[in-house]
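1. turn this into a structure:
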Amino acid sequence: MLQGLAKSICVNAKKTSVVDNTPAAVNWTNIVINGTRFTTQQITSISSSITVQVTASGSPGTRLWFKIDTTVPSYTTSTPSIYGFTNVAAFPVNITVNNNEYLSFGMGAGIDRGGSSTMTVTNTSDSNTVLDTFLMSF
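-> Next up, the predicted model:
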C-alpha cells in the first residue's frame, strides 16, 4: 500500500509545473529622431507568455511603435510602418510576449521637435515589475 501511495505522489508531483514569468534582464536603448530610431530586446527565461505594459512620461503623442518578431530583426530605415509595426495610439499599452520573442520599439516622425518622453516597460504578469525604461527624443 505504501509503495502505491509513493508512486501516486511521484506521478502527481511530475504533473505540477511552475510558471516562470520573470524574464532575463533586458535593456532597450534610447531612441532618437535624428539617430537610432529602433531598439530591440529578446525576451527569454519565461515558461509562459507574459504581458508587458508600456507607459509614457511626457507627451510622446503617437510616435511610439512596437513589433514582436520570432527571429532577430534588422531594421534599416526610419519608418516603422513599412516593417509592420503597430502604432501606439494611447498609453498605457499592453503587449503579450512569448519566450524567445524579440520586442522592438520604433519611433515614427512627428511634427514638432525638441521634446522627449521616458518609456517604462512593466511586466504585469510578475507583480508589475519594471523591466526597463528608455528615452525617446524627438
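2. for residue 29, helix, strand, or coil?
-> When classified by DSSP: H, G, I helix; E, B strand; the rest coil, residue 29 comes out as coil.
3. ok, residue 55 touching residue 120?
-> Yes: look at residue 55 against residue 120 with C-beta atoms under 8 Å: they come within range, at 4.9 Å. For every residue, glycine as well, the C-beta is placed using N, CA and C.
4. any idea how far apart the tips of stretch 42-51 sit?
-> The first and final residues of stretch 42-51 sit 14 Å from each other (C-alpha to C-alpha, to the nearest Å).
5. buried residues, it. List them.
-> Neighbour-count burial for stretch 42-51, counted by 16 or more other C-beta atoms under 10 Å, picks out 43, 46, 50.
6. out of the residues you listed, which is nearest to residue 134?
-> Taking C-beta to C-beta as the measure, residue 134 lies nearest residue 43 of those, at 15.2 Å.
7. since that was my last question, I'll sign off now.
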